[in-house]
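K.L.:
Mind folding the following:
(one chain, ligands or ions: 1)
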Amino acid sequence: MKLYNKPAHELHEMLAKKKISSVELTKDVLARMDETEDKIHAYITETRDAALSQAAAVDEKIARGEEIAYFEGIPGAIKDNICTKGVKTTCASKMLENFVPPYNATVMEHLEKVQPVVLGKVNMDEFAMGGSTENSAFYPTHNPWNVQCVPGGSSGGSAAAVASGSAIWALGSDTGGSIRQPASFCGVVGMKPTYGRVSRYGLVAFASSLDQIGPLTRDVTDCAHLLQLIAGHDGYDSTSSASEVPDYTKALVQDVKGLKIGIPKEFFVKGMDAEVEQAVRGAIEQFKAMGADVREISLPHTEYAISVYYLIAPAEAATNLERYDGVSYGARVDGADVVEMMTKTRSEKFGEEVKRRILIGNYALSAGYYDAYYLKALKVRRLIKEDYDKAFENVDVIVTPTAPTPAYKIGEMTSDPLKMYLQDIYTVPLNLAGLPGISVPCGYSREKLPIGLQIIGKPLDEMTVLRAAYTYEQSQSFYKEMAETEAKA
Ligand code: GLN
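P.N.:
Numbers count the residues shown, from 1 in each chain. From the prediction side, this is the model:
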(Lines give C-alpha, C1' and ligand atoms only; values in the text may rest on other atoms or scores of the structure.)
Protein backbone atom coordinates (compact mmCIF):
# COMPACT_ATOMS: atom_id res chain seq x y z
CA MET A 1 0.00 0.00 0.00
CA LYS A 2 1.26 3.43 -0.89
CA LEU A 3 1.33 5.66 2.16
CA TYR A 4 3.29 8.70 1.01
CA ASN A 5 0.35 10.21 -0.86
CA LYS A 6 -2.06 10.21 2.08
CA PRO A 7 -2.87 13.15 4.34
CA ALA A 8 -1.66 13.06 7.94
CA HIS A 9 -5.16 12.65 9.41
CA GLU A 10 -5.68 9.37 7.53
CA LEU A 11 -2.23 8.14 8.48
CA HIS A 12 -2.88 9.09 12.09
CA GLU A 13 -5.98 6.88 12.15
CA MET A 14 -4.03 4.02 10.59
CA LEU A 15 -1.23 4.39 13.14
CA ALA A 16 -3.62 4.59 16.08
CA LYS A 17 -5.48 1.49 14.88
CA LYS A 18 -2.14 -0.29 14.39
CA LYS A 19 -2.83 -0.87 10.70
CA ILE A 20 0.61 0.52 9.93
CA SER A 21 3.67 1.35 11.99
CA SER A 22 5.51 4.65 11.97
CA VAL A 23 8.71 2.90 10.81
CA GLU A 24 6.81 1.38 7.88
CA LEU A 25 5.34 4.77 7.02
CA THR A 26 8.69 6.52 7.34
CA LYS A 27 10.40 3.93 5.14
CA ASP A 28 7.68 4.35 2.53
CA VAL A 29 8.21 8.12 2.44
CA LEU A 30 12.01 7.68 2.38
CA ALA A 31 11.66 5.28 -0.56
CA ARG A 32 9.53 7.87 -2.31
CA MET A 33 12.24 10.42 -1.58
CA ASP A 34 14.77 8.13 -3.28
CA GLU A 35 12.52 8.06 -6.33
CA THR A 36 11.84 11.78 -6.56
CA GLU A 37 14.80 13.68 -5.14
CA ASP A 38 17.03 13.28 -8.21
CA LYS A 39 14.52 15.29 -10.17
CA ILE A 40 12.89 17.51 -7.53
CA HIS A 41 15.75 18.49 -5.18
CA ALA A 42 13.41 19.54 -2.40
CA TYR A 43 15.85 18.74 0.41
CA ILE A 44 19.07 20.41 1.51
CA THR A 45 19.77 18.20 4.55
CA GLU A 46 18.26 14.76 5.09
CA THR A 47 18.04 13.39 8.63
CA ARG A 48 17.11 9.82 7.74
CA ASP A 49 18.66 8.03 10.73
CA ALA A 50 17.13 10.41 13.25
CA ALA A 51 13.79 10.06 11.45
CA LEU A 52 13.86 6.28 11.70
CA SER A 53 14.71 6.33 15.38
CA GLN A 54 11.96 8.87 16.05
CA ALA A 55 9.58 6.55 14.20
CA ALA A 56 10.73 3.54 16.23
CA ALA A 57 10.17 5.45 19.48
CA VAL A 58 6.60 6.24 18.43
CA ASP A 59 6.00 2.61 17.53
CA GLU A 60 7.16 1.57 20.99
CA LYS A 61 4.73 4.02 22.49
CA ILE A 62 1.88 2.59 20.41
CA ALA A 63 2.93 -0.93 21.39
CA ARG A 64 2.74 0.08 25.07
CA GLY A 65 -0.88 0.95 24.43
CA GLU A 66 -0.36 4.69 24.87
CA GLU A 67 -2.36 7.17 22.87
CA ILE A 68 -0.59 9.13 20.18
CA ALA A 69 -1.15 12.74 19.34
CA TYR A 70 -1.98 14.06 15.93
CA PHE A 71 1.23 14.18 13.79
CA GLU A 72 3.02 11.89 16.20
CA GLY A 73 5.04 9.46 14.08
CA ILE A 74 4.13 11.23 10.82
CA PRO A 75 7.09 12.30 8.65
CA GLY A 76 7.48 15.91 7.59
CA ALA A 77 10.03 18.50 6.52
CA ILE A 78 11.19 21.85 7.87
CA LYS A 79 12.15 24.90 5.81
CA ASP A 80 15.84 25.55 6.18
CA ASN A 81 15.43 28.95 7.82
CA ILE A 82 13.83 27.46 10.95
CA CYS A 83 16.46 26.72 13.58
CA THR A 84 16.79 23.05 14.46
CA LYS A 85 19.06 22.22 17.37
CA GLY A 86 22.05 20.19 16.21
CA VAL A 87 20.86 20.09 12.57
CA LYS A 88 22.29 22.45 9.94
CA THR A 89 20.13 25.47 9.15
CA THR A 90 21.57 27.04 6.01
CA CYS A 91 18.87 29.43 4.78
CA ALA A 92 20.03 28.11 1.38
CA SER A 93 22.97 30.50 1.70
CA LYS A 94 26.74 30.06 1.50
CA MET A 95 26.80 32.43 4.46
CA LEU A 96 25.19 29.82 6.73
CA GLU A 97 26.31 26.72 4.86
CA ASN A 98 27.83 25.19 8.00
CA PHE A 99 25.65 26.82 10.64
CA VAL A 100 24.38 24.36 13.25
CA PRO A 101 22.01 26.14 15.65
CA PRO A 102 22.60 25.46 19.35
CA TYR A 103 18.87 25.88 20.00
CA ASN A 104 15.46 25.10 18.57
CA ALA A 105 12.98 27.56 17.13
CA THR A 106 9.85 27.71 19.30
CA VAL A 107 7.85 25.92 16.59
CA MET A 108 10.29 22.99 16.82
CA GLU A 109 9.81 22.87 20.59
CA HIS A 110 6.04 22.71 20.02
CA LEU A 111 6.44 19.97 17.43
CA GLU A 112 8.78 17.93 19.55
CA LYS A 113 6.15 17.68 22.25
CA VAL A 114 4.26 15.33 19.93
CA GLN A 115 7.29 13.56 18.40
CA PRO A 116 6.71 13.94 14.70
CA VAL A 117 9.28 12.35 12.41
CA VAL A 118 11.50 15.00 10.85
CA LEU A 119 12.97 13.90 7.53
CA GLY A 120 15.15 16.92 6.98
CA LYS A 121 15.50 20.56 6.04
CA VAL A 122 14.11 21.78 2.75
CA ASN A 123 15.26 24.14 0.05
CA MET A 124 14.25 27.78 -0.33
CA ASP A 125 15.31 31.03 -1.92
CA GLU A 126 18.39 32.32 -0.12
CA PHE A 127 17.25 33.98 3.12
CA ALA A 128 13.67 33.56 1.81
CA MET A 129 14.19 36.28 -0.80
CA GLY A 130 12.45 35.23 -3.97
CA GLY A 131 9.43 33.49 -5.38
CA SER A 132 10.83 30.52 -7.31
CA THR A 133 13.50 28.78 -5.17
CA GLU A 134 15.94 29.59 -7.97
CA ASN A 135 17.77 31.91 -5.57
CA SER A 136 18.96 28.97 -3.46
CA ALA A 137 22.76 29.09 -3.30
CA PHE A 138 22.81 25.30 -3.78
CA TYR A 139 20.38 24.30 -6.56
CA PRO A 140 16.87 25.10 -7.68
CA THR A 141 13.95 22.90 -6.62
CA HIS A 142 11.71 21.61 -9.41
CA ASN A 143 7.92 21.48 -9.56
CA PRO A 144 6.61 17.91 -9.15
CA TRP A 145 3.80 18.61 -11.64
CA ASN A 146 6.27 19.56 -14.35
CA VAL A 147 9.95 19.34 -13.56
CA GLN A 148 10.73 22.07 -16.05
CA CYS A 149 8.77 24.52 -13.92
CA VAL A 150 9.60 26.29 -10.66
CA PRO A 151 7.81 25.14 -7.50
CA GLY A 152 7.33 28.78 -6.43
CA GLY A 153 9.08 30.24 -3.45
CA SER A 154 10.56 30.97 -1.21
CA SER A 155 9.22 27.82 0.53
CA GLY A 156 9.57 25.86 -2.73
CA GLY A 157 11.23 22.90 -1.04
CA SER A 158 8.40 22.62 1.49
CA ALA A 159 5.69 22.72 -1.20
CA ALA A 160 7.52 20.38 -3.60
CA ALA A 161 8.23 17.85 -0.83
CA VAL A 162 4.55 17.64 0.16
CA ALA A 163 3.37 17.59 -3.48
CA SER A 164 5.79 14.85 -4.50
CA GLY A 165 5.20 12.69 -1.42
CA SER A 166 8.70 13.04 0.01
CA ALA A 167 7.05 14.56 3.12
CA ILE A 168 3.50 14.32 4.45
CA TRP A 169 3.59 17.86 5.87
CA ALA A 170 6.03 20.76 5.99
CA LEU A 171 6.64 24.05 7.70
CA GLY A 172 7.39 27.13 5.65
CA SER A 173 7.70 30.85 6.24
CA ASP A 174 5.85 33.68 4.55
CA THR A 175 7.08 37.27 4.39
CA GLY A 176 5.31 38.28 1.19
CA GLY A 177 3.69 35.08 -0.05
CA SER A 178 6.33 32.42 0.46
CA ILE A 179 3.96 29.80 1.85
CA ARG A 180 0.87 30.58 -0.22
CA GLN A 181 2.43 31.03 -3.65
CA PRO A 182 4.45 27.77 -3.66
CA ALA A 183 1.36 25.99 -2.27
CA SER A 184 -0.54 27.38 -5.24
CA PHE A 185 2.16 26.34 -7.76
CA CYS A 186 2.45 22.82 -6.32
CA GLY A 187 -1.24 22.07 -5.68
CA VAL A 188 -1.06 21.83 -1.89
CA VAL A 189 -2.61 23.78 0.98
CA GLY A 190 -0.52 26.54 2.57
CA MET A 191 -1.44 28.99 5.30
CA LYS A 192 0.13 32.18 6.54
CA PRO A 193 -1.31 32.80 10.00
CA THR A 194 -2.00 36.26 11.43
CA TYR A 195 1.20 38.15 12.25
CA GLY A 196 1.96 37.20 15.86
CA ARG A 197 -0.08 33.98 15.92
CA VAL A 198 2.97 31.73 15.54
CA SER A 199 6.23 32.55 17.30
CA ARG A 200 9.05 33.83 15.11
CA TYR A 201 11.68 32.90 17.70
CA GLY A 202 14.33 30.86 15.90
CA LEU A 203 13.10 31.78 12.43
CA VAL A 204 16.10 33.38 10.72
CA ALA A 205 14.91 36.94 10.24
CA PHE A 206 14.26 38.35 6.77
CA ALA A 207 11.79 41.22 7.40
CA SER A 208 10.73 41.04 11.02
CA SER A 209 7.48 43.01 10.74
CA LEU A 210 6.26 40.69 7.95
CA ASP A 211 7.67 37.19 8.66
CA GLN A 212 5.37 34.37 9.82
CA ILE A 213 5.81 30.59 10.01
CA GLY A 214 2.98 28.38 8.78
CA PRO A 215 1.91 24.93 7.55
CA LEU A 216 2.02 23.35 4.08
CA THR A 217 -0.11 20.21 3.90
CA ARG A 218 -2.04 17.93 1.58
CA ASP A 219 -5.41 19.23 2.75
CA VAL A 220 -7.22 21.73 4.97
CA THR A 221 -7.77 19.24 7.81
CA ASP A 222 -4.02 18.72 8.16
CA CYS A 223 -3.48 22.46 7.93
CA ALA A 224 -5.83 23.10 10.87
CA HIS A 225 -4.16 20.42 12.97
CA LEU A 226 -0.64 21.60 12.20
CA LEU A 227 -1.53 25.21 12.95
CA GLN A 228 -2.98 24.03 16.25
CA LEU A 229 0.38 22.55 17.17
CA ILE A 230 2.53 25.56 16.37
CA ALA A 231 0.28 28.51 17.33
CA GLY A 232 0.40 30.30 20.65
CA HIS A 233 1.99 32.98 22.74
CA ASP A 234 5.75 32.95 23.22
CA GLY A 235 7.67 35.13 25.65
CA TYR A 236 10.71 34.91 23.37
CA ASP A 237 8.92 36.79 20.58
CA SER A 238 7.88 40.29 21.61
CA THR A 239 5.40 40.50 18.74
CA SER A 240 3.70 37.25 19.69
CA SER A 241 -0.06 37.52 20.25
CA ALA A 242 -1.32 36.82 23.76
CA SER A 243 -4.82 35.96 22.61
CA GLU A 244 -5.96 32.43 23.29
CA VAL A 245 -5.59 29.80 20.56
CA PRO A 246 -9.02 28.45 19.59
CA ASP A 247 -9.65 24.82 18.68
CA TYR A 248 -9.04 25.03 14.94
CA THR A 249 -10.48 21.57 14.34
CA LYS A 250 -13.89 23.07 15.14
CA ALA A 251 -13.51 24.99 11.88
CA LEU A 252 -13.60 21.74 9.93
CA VAL A 253 -17.31 21.89 9.16
CA GLN A 254 -19.00 22.34 5.83
CA ASP A 255 -20.87 25.56 6.23
CA VAL A 256 -20.64 28.80 4.31
CA LYS A 257 -24.36 29.64 4.34
CA GLY A 258 -24.67 33.38 4.72
CA LEU A 259 -20.90 33.79 4.96
CA LYS A 260 -20.12 37.24 3.57
CA ILE A 261 -17.37 36.93 0.97
CA GLY A 262 -15.74 40.01 -0.54
CA ILE A 263 -14.25 39.98 -4.02
CA PRO A 264 -11.85 42.91 -4.44
CA LYS A 265 -12.32 44.48 -7.83
CA GLU A 266 -8.70 45.67 -7.88
CA PHE A 267 -7.51 42.05 -7.92
CA PHE A 268 -9.21 41.19 -11.19
CA VAL A 269 -7.40 43.37 -13.62
CA LYS A 270 -7.01 43.33 -17.38
CA GLY A 271 -4.10 41.17 -18.38
CA MET A 272 -4.45 38.63 -15.61
CA ASP A 273 -3.93 35.06 -16.71
CA ALA A 274 -7.19 33.82 -18.28
CA GLU A 275 -6.93 30.34 -16.82
CA VAL A 276 -6.32 31.68 -13.32
CA GLU A 277 -9.27 34.03 -13.68
CA GLN A 278 -11.51 31.22 -14.90
CA ALA A 279 -10.55 28.88 -12.06
CA VAL A 280 -10.98 31.55 -9.39
CA ARG A 281 -14.31 32.75 -10.81
CA GLY A 282 -15.43 29.12 -10.84
CA ALA A 283 -14.58 28.84 -7.15
CA ILE A 284 -16.52 32.03 -6.42
CA GLU A 285 -19.56 30.59 -8.23
CA GLN A 286 -19.19 27.46 -6.13
CA PHE A 287 -19.26 29.55 -2.94
CA LYS A 288 -22.45 31.24 -4.20
CA ALA A 289 -24.02 27.86 -4.95
CA MET A 290 -23.22 26.75 -1.41
CA GLY A 291 -25.14 29.72 0.02
CA ALA A 292 -22.40 32.29 0.60
CA ASP A 293 -23.26 35.95 0.23
CA VAL A 294 -20.72 37.13 -2.35
CA ARG A 295 -20.23 40.84 -2.95
CA GLU A 296 -17.76 43.10 -4.72
CA ILE A 297 -15.51 45.19 -2.50
CA SER A 298 -12.78 47.74 -3.09
CA LEU A 299 -9.22 47.76 -1.74
CA PRO A 300 -8.14 50.99 -3.43
CA HIS A 301 -4.49 51.03 -2.32
CA THR A 302 -3.68 47.58 -3.73
CA GLU A 303 -1.72 49.11 -6.59
CA TYR A 304 0.89 50.43 -4.15
CA ALA A 305 1.41 47.15 -2.29
CA ILE A 306 4.37 45.96 -4.36
CA SER A 307 6.24 49.26 -4.07
CA VAL A 308 5.60 49.43 -0.35
CA TYR A 309 6.63 45.83 0.22
CA TYR A 310 9.79 46.16 -1.86
CA LEU A 311 10.88 49.11 0.28
CA ILE A 312 9.94 47.81 3.73
CA ALA A 313 11.09 44.21 3.25
CA PRO A 314 14.56 45.15 1.90
CA ALA A 315 14.95 47.89 4.54
CA GLU A 316 14.32 45.39 7.31
CA ALA A 317 16.44 42.77 5.54
CA ALA A 318 19.38 45.15 5.20
CA THR A 319 19.22 45.72 8.95
CA ASN A 320 18.70 42.06 9.89
CA LEU A 321 21.50 40.86 7.63
CA GLU A 322 24.06 43.22 9.15
CA ARG A 323 24.82 40.47 11.66
CA TYR A 324 26.55 38.38 8.98
CA ASP A 325 29.87 40.11 9.24
CA GLY A 326 32.23 37.15 9.52
CA VAL A 327 32.57 37.71 13.27
CA SER A 328 29.69 36.20 15.18
CA TYR A 329 27.67 34.17 12.69
CA GLY A 330 28.31 31.96 9.72
CA ALA A 331 31.03 32.07 7.14
CA ARG A 332 34.23 34.11 7.23
CA VAL A 333 36.57 34.89 4.34
CA ASP A 334 39.93 36.06 5.64
CA GLY A 335 41.34 39.44 4.68
CA ALA A 336 44.38 41.59 5.50
CA ASP A 337 42.38 43.55 8.09
CA VAL A 338 38.91 43.53 9.58
CA VAL A 339 37.39 45.74 6.87
CA GLU A 340 38.73 43.54 4.10
CA MET A 341 37.57 40.42 5.98
CA MET A 342 34.03 41.77 6.30
CA THR A 343 33.93 43.03 2.73
CA LYS A 344 35.14 39.74 1.32
CA THR A 345 32.84 37.70 3.54
CA ARG A 346 29.74 39.62 2.52
CA SER A 347 30.70 39.93 -1.16
CA GLU A 348 31.51 36.26 -1.58
CA LYS A 349 28.96 34.59 0.65
CA PHE A 350 25.75 36.47 -0.16
CA GLY A 351 24.04 35.72 -3.48
CA GLU A 352 22.97 38.30 -6.08
CA GLU A 353 19.37 38.72 -4.94
CA VAL A 354 20.35 39.11 -1.28
CA LYS A 355 22.89 41.79 -2.22
CA ARG A 356 20.29 43.54 -4.35
CA ARG A 357 17.90 43.68 -1.38
CA ILE A 358 20.63 44.93 0.96
CA LEU A 359 21.47 47.71 -1.49
CA ILE A 360 17.83 48.72 -1.98
CA GLY A 361 17.22 48.59 1.77
CA ASN A 362 20.23 50.65 2.75
CA TYR A 363 19.43 53.18 0.04
CA ALA A 364 15.85 53.56 1.29
CA LEU A 365 17.07 53.96 4.87
CA SER A 366 19.90 56.38 4.20
CA ALA A 367 19.86 59.99 5.34
CA GLY A 368 18.14 62.12 2.75
CA TYR A 369 16.09 59.23 1.33
CA TYR A 370 14.55 57.92 4.53
CA ASP A 371 11.57 60.29 4.46
CA ALA A 372 10.97 59.95 0.75
CA TYR A 373 11.10 56.15 0.67
CA TYR A 374 11.00 54.25 3.95
CA LEU A 375 8.79 56.63 5.92
CA LYS A 376 6.47 57.10 2.96
CA ALA A 377 6.22 53.33 2.56
CA LEU A 378 5.22 53.00 6.22
CA LYS A 379 2.44 55.56 5.70
CA VAL A 380 1.09 53.78 2.64
CA ARG A 381 1.32 50.48 4.52
CA ARG A 382 -1.14 51.97 7.00
CA LEU A 383 -3.49 52.98 4.16
CA ILE A 384 -3.40 49.41 2.85
CA LYS A 385 -4.20 48.09 6.32
CA GLU A 386 -7.10 50.56 6.58
CA ASP A 387 -8.50 49.32 3.25
CA TYR A 388 -8.77 45.86 4.78
CA ASP A 389 -10.17 47.14 8.10
CA LYS A 390 -12.89 48.93 6.17
CA ALA A 391 -13.65 45.96 3.94
CA PHE A 392 -13.92 43.67 6.95
CA GLU A 393 -16.68 45.85 8.39
CA ASN A 394 -18.90 44.34 5.69
CA VAL A 395 -17.45 40.92 4.88
CA ASP A 396 -16.18 37.88 6.79
CA VAL A 397 -13.50 36.76 4.33
CA ILE A 398 -12.00 37.98 1.07
CA VAL A 399 -11.40 35.64 -1.86
CA THR A 400 -8.75 36.24 -4.54
CA PRO A 401 -6.29 34.34 -6.71
CA THR A 402 -3.08 33.38 -4.87
CA ALA A 403 -0.80 34.15 -7.78
CA PRO A 404 -1.39 35.83 -11.14
CA THR A 405 -0.16 32.79 -13.12
CA PRO A 406 0.42 29.06 -12.69
CA ALA A 407 4.03 27.90 -12.25
CA TYR A 408 6.39 29.23 -14.93
CA LYS A 409 9.48 27.66 -16.44
CA ILE A 410 12.77 27.55 -14.57
CA GLY A 411 14.91 30.43 -15.85
CA GLU A 412 11.98 32.29 -17.40
CA MET A 413 12.01 35.19 -14.94
CA THR A 414 15.54 35.22 -13.56
CA SER A 415 16.77 37.95 -15.86
CA ASP A 416 14.01 40.34 -14.81
CA PRO A 417 13.76 40.78 -11.02
CA LEU A 418 11.06 43.43 -11.36
CA LYS A 419 8.79 41.09 -13.28
CA MET A 420 9.32 38.53 -10.57
CA TYR A 421 8.45 41.11 -7.87
CA LEU A 422 5.17 41.91 -9.64
CA GLN A 423 4.14 38.26 -9.24
CA ASP A 424 3.65 38.96 -5.53
CA ILE A 425 0.77 41.38 -6.01
CA TYR A 426 -1.92 39.16 -4.44
CA THR A 427 0.09 37.93 -1.48
CA VAL A 428 2.11 40.86 -0.09
CA PRO A 429 -0.88 42.97 1.05
CA LEU A 430 -1.70 40.37 3.73
CA ASN A 431 1.79 40.57 5.19
CA LEU A 432 1.66 44.35 5.14
CA ALA A 433 -1.69 44.26 6.93
CA GLY A 434 -0.78 41.31 9.20
CA LEU A 435 -3.76 39.22 8.06
CA PRO A 436 -4.19 35.44 7.87
CA GLY A 437 -4.53 33.82 4.45
CA ILE A 438 -4.68 30.34 2.99
CA SER A 439 -4.09 29.01 -0.49
CA VAL A 440 -6.13 25.99 -1.56
CA PRO A 441 -6.07 24.32 -4.98
CA CYS A 442 -8.95 25.45 -7.21
CA GLY A 443 -8.15 23.89 -10.57
CA TYR A 444 -5.51 23.22 -13.17
CA SER A 445 -4.27 25.01 -16.21
CA ARG A 446 -4.50 23.37 -19.64
CA GLU A 447 -0.96 22.18 -19.07
CA LYS A 448 -2.07 20.47 -15.86
CA LEU A 449 -0.37 22.92 -13.54
CA PRO A 450 -2.25 23.65 -10.31
CA ILE A 451 -3.98 26.98 -9.64
CA GLY A 452 -4.52 28.32 -6.13
CA LEU A 453 -7.36 30.22 -4.48
CA GLN A 454 -6.50 32.62 -1.66
CA ILE A 455 -8.91 33.14 1.25
CA ILE A 456 -8.09 36.10 3.51
CA GLY A 457 -9.46 36.62 7.02
CA LYS A 458 -9.71 39.21 9.76
CA PRO A 459 -6.81 39.39 12.20
CA LEU A 460 -6.74 36.22 14.36
CA ASP A 461 -9.77 34.80 12.55
CA GLU A 462 -8.03 31.72 11.16
CA MET A 463 -11.19 29.84 12.15
CA THR A 464 -13.37 31.40 9.46
CA VAL A 465 -10.60 31.14 6.85
CA LEU A 466 -10.23 27.42 7.58
CA ARG A 467 -14.00 26.86 7.55
CA ALA A 468 -14.39 28.52 4.15
CA ALA A 469 -11.39 26.62 2.80
CA TYR A 470 -12.61 23.31 4.18
CA THR A 471 -16.12 23.77 2.80
CA TYR A 472 -14.76 24.62 -0.62
CA GLU A 473 -12.27 21.74 -0.59
CA GLN A 474 -14.93 19.19 0.35
CA SER A 475 -17.16 20.39 -2.49
CA GLN A 476 -14.51 19.74 -5.12
CA SER A 477 -14.08 16.43 -6.86
CA PHE A 478 -10.82 17.49 -8.49
CA TYR A 479 -9.42 17.99 -5.04
CA LYS A 480 -9.43 14.27 -4.24
CA GLU A 481 -8.07 13.59 -7.69
CA MET A 482 -5.27 16.04 -7.04
CA ALA A 483 -4.45 14.49 -3.67
CA GLU A 484 -4.15 11.12 -5.32
CA THR A 485 -2.35 12.20 -8.44
CA GLU A 486 1.13 10.84 -8.70
CA ALA A 487 3.53 13.68 -8.99
CA LYS A 488 5.08 13.35 -12.40
CA ALA A 489 8.57 13.23 -11.01
N1 GLN B 1 8.54 36.73 -3.18
C2 GLN B 1 8.63 37.63 -2.07
C3 GLN B 1 10.04 38.16 -1.96
O4 GLN B 1 10.81 37.85 -2.79
C5 GLN B 1 8.18 36.95 -0.81
C6 GLN B 1 9.21 36.19 -0.11
C7 GLN B 1 8.75 35.60 1.19
O8 GLN B 1 7.56 35.59 1.50
N9 GLN B 1 9.70 35.14 1.97
O10 GLN B 1 10.37 38.87 -1.08
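
K.L.:
CA only for contacts and neighbour counts going forward, please
P.N.:
Noted.

K.L.:
centroid residue for this protein?
P.N.:
For the chain, the residue sitting closest to the mean C-alpha position, by C-alpha atoms, centre = their mean, is residue 179 at 1.8 Å.

K.L.:
Which residues are in contact with that residue?
P.N.:
Residue 179 is in contact with 153-155, 159, 172-173, 190-192, 214-216, counting by C-alpha atoms under 8 Å, 6 or more residues apart in numbering.

K.L.:
Starting from residue 121, give me the distance back to the residue lying closest to residue 331 once chain neighbours are set aside.
P.N.:
Nearest non-adjacent residue to residue 331, counting by C-alpha to C-alpha, 6 or more residues apart in numbering: residue 95, 5.0 Å away. Distance from residue 95 to residue 121, counting by C-alpha to C-alpha, to the nearest Å: 16 Å.

K.L.:
okay, the two: which has more neighbours?
P.N.:
Between residue 95 and residue 121, counted using other C-alpha atoms under 10 Å, residue 121 has the larger neighbour count: 31 against 25.

K.L.:
these two touch, right, that one and residue 41?
P.N.:
No: assessed by C-alpha atoms under 8 Å, residue 121 is found out of contact with residue 41, at 11.4 Å.

K.L.:
In three-state terms, how would residue 89 be classified?
P.N.:
coil (DSSP: H, G, I helix; E, B strand; the rest coil).

K.L.:
Nearest residue to it in space, ignoring adjacent ones along the chain?
P.N.:
Closest residue in space to residue 89, ignoring its immediate chain neighbours: residue 80 at 5.2 Å, by C-alpha to C-alpha, 6+ apart.

K.L.:
Same check on residue 12?
P.N.:
Nearest non-adjacent residue to residue 12, counting by C-alpha to C-alpha, 6+ apart: residue 70, 6.3 Å away.

K.L.:
mind listing what the one you found touches?
P.N.:
By C-alpha under 8 Å, 6+ apart, the residues touching residue 70 are 9, 12, 114, 225.

K.L.:
which strands and helices sit next to whichever strand or helix holds residue 364?
P.N.:
Here residue 364, judged by DSSP states H and E, is contained in helix 352-365. Applying 3 or more C-alpha pairs under 8 Å, 6 or more residues apart in numbering; DSSP states H and E, we find helix 352-365 packed against helix 305-320.

K.L.:
is any part of the helix it packs on close to the ligand?
P.N.:
No: Helix 305-320 lies out of reach of the ligand by C-alpha under 6 Å from any ligand atom, never closer than 6.9 Å.

K.L.:
What's the first helix or strand after that helix?
P.N.:
helix 338-349.

K.L.:
relative orientation of that next one and helix 352-365 in degrees?
P.N.:
For helix 338-349 against helix 352-365, the angle by axes from the mean of the first three to the mean of the last three C-alpha atoms, to 10 degrees is 130 degrees.

K.L.:
And for helix 338-349, what's in contact with it?
P.N.:
By C-alpha under 8 Å, 6+ apart, the surrounding residues in contact with helix 338-349 are 93-95, 324-326, 331-335.

K.L.:
can you list those residues in JSON lines and add pLDDT?
P.N.:
Output for the contacts of helix 338-349, formatted as JSON lines (pLDDT from 0 to 100):
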{"residue": "93", "pLDDT": "98"}
{"residue": "94", "pLDDT": "98"}
{"residue": "95", "pLDDT": "98"}
{"residue": "324", "pLDDT": "97"}
{"residue": "325", "pLDDT": "96"}
{"residue": "326", "pLDDT": "96"}
{"residue": "331", "pLDDT": "97"}
{"residue": "332", "pLDDT": "98"}
{"residue": "333", "pLDDT": "98"}
{"residue": "334", "pLDDT": "97"}
{"residue": "335", "pLDDT": "97"}
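
K.L.:
ok so residue 190 is a strand residue?
P.N.:
Yes: the assignment for residue 190 is a strand, going by three-state DSSP.

K.L.:
Let me see the contact set for the closest residue to it other than its chain neighbours.
P.N.:
If the residues on either side of it in the chain are set aside, residue 190 comes closest to residue 216, at 4.4 Å by C-alpha to C-alpha, 6+ apart. Counting by C-alpha under 8 Å, 6+ apart, residue 216 makes contact with 158-159, 162, 169-172, 179, 183, 188-191, 223.

K.L.:
Which residues of the stretch 151-300 of the chain lie near the ligand?
P.N.:
Counting by C-alpha under 6 Å from any ligand atom, the residues of the stretch 151-300 of the chain near the ligand are 154, 174-178.
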